[in-house]
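>>> Okay, predicted coordinates and the sequence, questions at the end:
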Amino acid sequence: MSASMIGGPGAPGTKVHPRFQTPTNATIWMGILSVAFYYGLTTCYACAIYYRHWLTRSARNLLFMGILPVAGGVVLTWAFVQSVVDLSNPENSYSGVSWFGISVPLAITIASLVLGLVLMVLWWMRSPAFFRTRPEASSGEAAGLPA
């Protein structure tokens, strides 16, 4: 049971919607944080790959286009792996219910990943040219760097 439902401390995240009896602010913020997590995880590694030819041109480039984004990606990857490890035990989920021997949230996550892979294969069969696009590197204009 949510602490907000039993009159827990009055933090902004503990407000309960009067009709739906859900922690309204907490739900909204978790959605925002989920988007931020996905965005951070995908762009952290992509930044270093995209600007790979610029990384050795200065210490500033190396730090801000390489080291810091990759460090952020490593932290987010660790958080993802730790979540998978924790959620592999059904007792660690809210309901304690097991689907296929793992917690329900992890089962839903795995099913979503499998669905994504199936859709990607179907799209690859429909439009293989998209998947043959060569990786590109920045010309430096996007970062405001001199050519």
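Thanks, I have it.

>>> so who does residue 107 touch?
99, 100 (Cβ atoms under 8 Å, 6 or more residues apart in numbering). From N, CA and C alone the C-beta is placed, and that goes for glycine too.

>>> could you pull out the helices for this structure?
Taking DSSP state H, the helices of the chain run over residues 24-50, 59-61, 68-87, 104-126, 128-131.

>>> Which positions within the second one qualify as buried?
Put plainly, it is helix 59-61. By neighbour count on 16 or more other Cβ atoms under 10 Å, the buried set for helix 59-61 is residue 61.

>>> Show me what that helix packs onto, helices and strands only.
In terms of contacts (3 or more Cβ pairs under 8 Å, 6 or more residues apart in numbering; DSSP states H and E), helix 59-61 is packed against no helix or strand at all.

>>> Among the helices of the chain, which comes closest to residue 96?
For residue 96, the closest of those is helix 104-126, at 9.3 Å, according to Cβ to Cβ.

>>> CA atoms of that closest one as PDB?
What follows is helix 104-126, C-alpha atoms only, in PDB (Å, rounded to 0.1, in the frame of the first residue of the first chain):
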ATOM      1  CA  VAL A 104       5.700  -9.600 -13.500                       C
ATOM      2  CA  PRO A 105       7.500  -6.300 -14.300                       C
ATOM      3  CA  LEU A 106      10.500  -8.200 -15.700                       C
ATOM      4  CA  ALA A 107       8.300 -10.600 -17.700                       C
ATOM      5  CA  ILE A 108       6.600  -7.600 -19.300                       C
ATOM      6  CA  THR A 109       9.900  -6.000 -20.000                       C
ATOM      7  CA  ILE A 110      11.200  -9.100 -21.700                       C
ATOM      8  CA  ALA A 111       8.000  -9.500 -23.700                       C
ATOM      9  CA  SER A 112       8.300  -5.900 -24.800                       C
ATOM     10  CA  LEU A 113      11.900  -6.400 -25.900                       C
ATOM     11  CA  VAL A 114      11.000  -9.600 -27.800                       C
ATOM     12  CA  LEU A 115       8.100  -7.700 -29.500                       C
ATOM     13  CA  GLY A 116      10.500  -4.900 -30.500                       C
ATOM     14  CA  LEU A 117      12.900  -7.400 -32.000                       C
ATOM     15  CA  VAL A 118      10.100  -9.100 -34.000                       C
ATOM     16  CA  LEU A 119       8.900  -5.800 -35.300                       C
ATOM     17  CA  MET A 120      12.500  -4.800 -36.200                       C
ATOM     18  CA  VAL A 121      12.900  -8.100 -38.200                       C
ATOM     19  CA  LEU A 122       9.600  -7.500 -40.000                       C
ATOM     20  CA  TRP A 123      10.700  -3.900 -40.800                       C
ATOM     21  CA  TRP A 124      14.100  -5.200 -42.000                       C
ATOM     22  CA  MET A 125      12.300  -7.600 -44.300                       C
ATOM     23  CA  ARG A 126      10.000  -4.800 -45.600                       C
END
